[in-house]
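Visitor: quick one, fold the following:
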Amino acid sequence: MNGLHALFKVQETYIGIVITIAFQIIFFSVWMTAYDGINDRTDNLKIGLISEDTEMGHQVVNEITATLPFTLENYTSLDKAEQALNRRDIHMIIHIPSDFTSQLQAGKEAEIIYAINQANASIAKNMMDGIAKQVTEEINHNIYPLQQGKTIEAFSQKFSQLPMEQNTEQINAAVATTIMSVKDRAINSTIIKTNNVEEFAANFVPLMVIISSFVGAMVMIMQHQQAAQLVQDTISKWQLFLARQLINIGVAFALPLLTIALMHLFNISSQVNFLSVYLLQALMFWAFLCLAQAFIIIFGNLGMIFNICALSMQLVTSGALVPQAMLSDFYNKLASLLPATYGADGYFTIIFGGSTDNLMSDCSSLGMIIAVTLTISTIVVAFKKSKVQSEREQIVPATVQ
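Guide: Purely as a prediction, here's the structure:
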């Protein structure tokens, strides 16, 4: 009982209990509110439409536009559509080739080509794959009556050309030939998976890197805060602050070597060069450290509660699990302020491939977050008195008396 009594005299005991409770409350609150109503926001996902066929192709596009519950964007150039897909501006391309009508008129199978970018959250990829099959079935269903009508018309023309004295066998042969020309599946689909990676585990790399990096940053900053409290009697606040930043930078730019080594160890291939992976991971971890540090410097040990909030919010808004377009407006806007958003986007490019412009943009955004959080921490430190300074102010009046 003496040990229990001693522990409850220490503030950190209560903080530990509060953090445990906070984990449950924060994670339930954030995840349940962030993912509530996701199925109602599927219309925020974008699909690109391009029809090179000037006849039935436009009719098919109109049917797709009227039935699909997604944001549809029409493109006049396949190259532009592919560029948008590669940048992850759209999730899928529905392409109707120029010979679509001529193939149907010739009694052959026409084709619709679907391109799905695999450098996206799994839920978006699976959804687009299902939509591609659904669209093909619906178009086949709608085209079949038209084909029947054309077949009846063709049969009427053929029957009118037959002499009246023709026997029943010839008429039956003409009917059979015409009926056999009608196909219940006149349209096939071709699904092209761009930026595809065969390894199943690769799908989880962006999420895994975010979790491991931010949790590691949280723990590191908390331990450094406790170390700082032990030595704050002997050095000034600015010396201590500068020392912490140097450690943060050193660890941030050393950790990518371990990350890249582990990716190679587990056969996770990279679609970009070594320097790009190194730079993104270094900036992402440095941004995580600066964000976690800002909360601790402002709120002290209670800053861990805010870091738990930051962890939960970054997991749901990063786009690694669910596309950001399916989140509510609040979480969608919040995502642009958090480093995990740019880390996940960058790792999608690293693992699956895509536009390198995205990667450079992600690095720039992470640099901005580092600058802002470091500025906030510096301002807070400037307004706080160091323990050494406070003790000197207390000693001077006592000496004067």
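Visitor: identify the residues contacting Ala217.
Guide: 285, 288-289, 291-292 (CB atoms under 8 Å, 6 or more residues apart in numbering). C-beta here means a position set from N, CA and C on the backbone, and glycine is covered the same way.
Visitor: and the residue nearest the centre of the protein?
Guide: Gly319 (2.8 Å; CA atoms, centre = their mean).
Visitor: wasn't that residue part of a helix?
Guide: No: counting by DSSP: H, G, I helix; E, B strand; the rest coil, Gly319 falls outside a helix, being coil.
Visitor: picking up where we left off before, which of the contacts of Ala217 has the largest number of neighbours?
Guide: Counting neighbours by other CB atoms under 10 Å, the top entry in the contacts of Ala217 is Phe288, with 33 neighbours.
Visitor: can you give the domain ranges for this structure?
Guide: The chain breaks down into these structural domains: 2-34+200-392, 41-194 (assignment by automatic domain parsing).
Visitor: between those domains, which gets the lowest average pLDDT?
Guide: Lowest mean pLDDT of these: domain 41-194, a mean of 81.
Visitor: contact partners for the residue nearest to the residue nearest to the centre of the chain when sequence neighbours are not counted?
Guide: Excluding its sequence neighbours, the residue lying closest to Gly319 (CB to CB, 6 or more residues apart in numbering) is Ala344, at 5.2 Å. Shown in contact with Ala344 (CB under 8 Å, 6+ apart): 206-207, 210, 318-320.
Visitor: need those in JSON lines with distance to His5, can you?
Guide: Putting those into JSON lines (distance: CB to CB, whole Å) gives the following:
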{"residue": "Pro206", "distance to His5": "48"}
{"residue": "Leu207", "distance to His5": "44"}
{"residue": "Ile210", "distance to His5": "41"}
{"residue": "Ser318", "distance to His5": "44"}
{"residue": "Gly319", "distance to His5": "49"}
{"residue": "Ala320", "distance to His5": "46"}
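Visitor: and which of those is nearest to Phe253?
Guide: The closest of the contacts of Ala344 to Phe253 turns out to be Ile210 (CB to CB; 18.6 Å).
Visitor: ok, how many other residues are close to the closest one?
Guide: The number of residues packed near Ile210 is 24, by other CB under 10 Å.
Visitor: and for Ile247, the neighbour number?
Guide: Neighbours of Ile247 (other CB under 10 Å): 14.
Visitor: among the contacts of Ala217, which ones are in helices?
Guide: With DSSP state H as the criterion, helices contain 285, 288-289, 291-292 from among these.
Visitor: need the phi and psi values for the residue nearest to the centre of the chain.
Guide: The phi and psi values for Gly319, taken as degrees, to the nearest 10, are phi 90, psi 0.
Visitor: name the helices or strands packed onto the helix or strand in which Ala382 is found?
Guide: Using DSSP states H and E, Ala382 sits within helix 356-383. Counting contacts by 3 or more CB pairs under 8 Å, 6 or more residues apart in numbering; DSSP states H and E, helix 356-383 packs against helix 237-265, helix 274-299, helix 339-352.
Visitor: 6 Å instead?
Guide: Secondary-structure packing of helix 356-383 (3 or more CB pairs under 6 Å, 6 or more residues apart in numbering; DSSP states H and E): helix 274-299, helix 339-352.
Visitor: which of the ones you listed is buried the deepest?
Guide: Among the helices and strands packed on helix 356-383, helix 339-352 has the highest mean neighbour count (mean count of other CB atoms under 10 Å), at a mean of 27.
Visitor: quick one: the strands in this structure, in order.
Guide: Here the chain has its strands, by DSSP state E, at 46-51, 71-74, 92-96, 110-117, 187-194.
Visitor: let's have the ones you listed in TSV, adding mean neighbour count.
Guide: As requested, the strands of the chain are exported to TSV (neighbours: other CB atoms under 10 Å):
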stretch	mean neighbour count
strand 46-51	22
strand 71-74	14
strand 92-96	25
strand 110-117	22
strand 187-194	16
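Visitor: want to try TSV for the ones you listed, with distance to Ile21 as columns?
Guide: Below are the strands of the chain laid out as TSV (distance: least, CB to CB, whole Å):
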stretch	distance to Ile21
strand 46-51	41
strand 71-74	41
strand 92-96	43
strand 110-117	41
strand 187-194	45
